[in-house]
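*Asks:* Here is my input, please return the structure:
(one chain, ligands or ions: 1)
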Amino acid sequence: MPGLSGRGSSIVGWGSALPDQVVTNADFQARLDTSDEWIRERTGIHERRWGGTTASLSITAASRALDMAGLTPGELDLVILSTATSDQTVPATSAVIAGELGYSCGTFDLDAACAGFTYAFVVGHSMLQAGLDNILIIGCDTLSNIIDKDDRSTAVLFADGAGALVLKATPGEACLRGWDLGIDTSALHLLWCNKGGYITMEGKEVFRKAVRATIDSANSALEQSKLTSDAIALFVPHQANKRIIDAAAQRLEIPEDRLAIVLDRTGNTSSASIPLALCEAADKGRISHGDHVLLAGFGAGMTWASMVVRWGNSKQ
Ligand SMILES: CC(C)(COP(=O)(O)OP(=O)(O)OC[C@H]1O[C@@H](n2cnc3c(N)ncnc32)[C@H](O)[C@@H]1OP(=O)(O)O)[C@@H](O)C(=O)NCCC(=O)NCCS
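*Replies:* Model (predicted):
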């Protein structure tokens, strides 16, 4: 079990961004062999957003998070962008974001597929423990660029978006209470995208493994944080399929009113999915200072990543 260091930390800003273009299930029904009813029932998705670049969506989400934190980009000590859809091979998209926002601290892209945001949070938090003070974590993907829009089995699922959090060293406890990262490489082939190609997926098998990975990883993070699921104010799972979320939540004994869901309006936005759902819940006042929030992601690899964070900031 990884240890937790004692330096105090807080989430002091958050922000998200979605492209303007809404793609509804009816849009697919009009041109593919599918239906609104099938997509809703089998996935829980009603509509999704396509458009923008990874840099542009990230910049919007990051600017909102920085504004809320009351920080200028020049005050940042580190930026981590979690993405599997960098706009170009080099430079890293985080470098393009740096150019636009005007910071010169350390910055890099991290790729752990749809589990990436949680990986980035854990890495960023460890850098706070190592002595840095202000860290920006961005999760952004533009999956509309890597799907065959005529393939009904993937086109209806994947979409674009971004979410960002600002972590700050503060007096008191660390906001990261427990975490778990891992991979099951027997699932490597189940979800794949060659460079310049389109996503291919064995949906049924991904589904089965995703439920298991979410439950096991969430339980590991809970155990490490010495909490049980009844102490969790909000569960923010990766937004891939409502049936995966419901199966995991049921096993974790977390009721619907403590679930964060944006999937119906966003589709699967990979690295952006957890921060999009978390930001919306925070904006709606569904989490309060001191609440424990459970985040659980899974993705191609099959990677997984869960963590328990204590919500709130030193200003409250
Ligand atoms: C993809 C997924 C929605 C399919 O749902 P499912 O209930 O497992 O459906 P099945 O795979 O049994 O497919 C049933 C049929 O629906 C068809 N189908 C697939 N997509 C369809 C669509 N958009 N509209 C209508 N039919 C569709 C399949 O071709 C299959 O037809 P067949 O029986 O003639 O071969 C589901 O498996 C899933 O969400 N898997 C996990 C995917 C995931 O989370 N990926 C991201 C990981 S980060």
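*Asks:* Any part of the longest helix along the chain near the ligand?
*Replies:* Determined from DSSP state H, the single longest helix within the chain is helix 203-224. Yes. Applying C-beta under 6 Å from any ligand atom, one finds helix 203-224 touching the ligand at 203-204, 206-207, 210. In this view, the C-beta of every residue, glycine as well, is placed from N, C-alpha and C.
*Asks:* For these, pick the one with the most neighbours.
*Replies:* Counting by other C-beta atoms under 10 Å, Ala210 has the largest number of neighbours within the residues of helix 203-224 next to the ligand, with 27 neighbours.
*Asks:* wait, isn't it in contact with Ala247?
*Replies:* No. Taking contacts as C-beta atoms under 8 Å, Ala210 lies outside contact range of Ala247: 9.0 Å.
*Asks:* Could I get the pLDDT score of the residue most central in space within the chain?
*Replies:* Closest to where the C-alpha atoms of the chain average out (C-alpha atoms, centre = their mean) is Ile274, at 3.2 Å. With respect to pLDDT, Ile274 scores 98.
*Asks:* Confirm that it lies within a strand, as I assumed.
*Replies:* No. Using DSSP: H, G, I helix; E, B strand; the rest coil, the secondary structure at Ile274 is helix, not a strand.
*Asks:* contacting residues for it?
*Replies:* Counting by C-beta atoms under 8 Å, 6 or more residues apart in numbering, Ile274 touches 117-118, 139, 163, 236-239, 295, 297.
*Asks:* What is the nearest of those residues to the ligand?
*Replies:* His238 (6.5 Å; C-beta to the nearest ligand atom).
*Asks:* From Leu66, how far out is the residue nearest to the closest one when sequence neighbours are not counted?
*Replies:* Using C-beta to C-beta, 6 or more residues apart in numbering and skipping the chain neighbours, the partner closest in space to His238 is Gly297 (4.1 Å). Look at Gly297 and Leu66: by C-beta to C-beta, to the nearest Å, they are 24 Å apart.
*Asks:* can you list the domains in the protein?
*Replies:* Domain ranges of the chain: 9-169, 176-310, per automatic domain parsing.
*Asks:* Quick check: bridge partners of Cys140?
*Replies:* Ala162 (DSSP bridges).
*Asks:* nope, Phe108 is what I meant
*Replies:* Under the criterion used (DSSP bridges), Phe108 bridges to Ile80.
*Asks:* what about it, neighbour count?
*Replies:* Phe108 has 14 nearby residues by other C-beta under 10 Å.
*Asks:* for Gly74, same thing?
*Replies:* Applying other C-beta under 10 Å, I find that Gly74 has 10 neighbouring residues.
*Asks:* Could you measure from it over to Leu66?
*Replies:* With C-beta to C-beta as the criterion, Gly74 and Leu66 are 10 Å apart.
*Asks:* quick revisit: for the residue nearest to His238, the count of nearby residues, please.
*Replies:* Gly297: 34 neighbours (other C-beta under 10 Å).
*Asks:* Could you check the angle the helix or strand harbouring it makes with helix 203-224?
*Replies:* Applying DSSP states H and E as the criterion places Gly297 in strand 292-299. Per axes from the mean of the first three to the mean of the last three C-alpha atoms, to 10 degrees, the angle that strand 292-299 makes with helix 203-224 is 150 degrees.
*Asks:* which bits of the stretch 151-300 of the chain sit near the ligand?
*Replies:* Going by C-beta under 6 Å from any ligand atom, the residues of the stretch 151-300 of the chain near the ligand are 152-153, 156, 191, 201, 203-204, 206-207, 210, 240-241, 244, 268, 299.
*Asks:* Identify, from those residues, the entry nearest to Arg7.
*Replies:* Using C-beta to C-beta, Gly299 comes nearest to Arg7 of these, at 29.1 Å.
*Asks:* got the contact list for the residue of the stretch 201-316 of the chain found nearest the ligand?
*Replies:* Closest residue of the stretch 201-316 of the chain to the ligand, C-beta to the nearest ligand atom: Gly203 (2.9 Å). By C-beta under 8 Å, 6+ apart, Gly203 lies in contact with Ser153.
*Asks:* Check Ser35 too.
*Replies:* 25, 29.
*Asks:* go with 7 Å
*Replies:* Gln29 (C-beta atoms under 7 Å, 6 or more residues apart in numbering).
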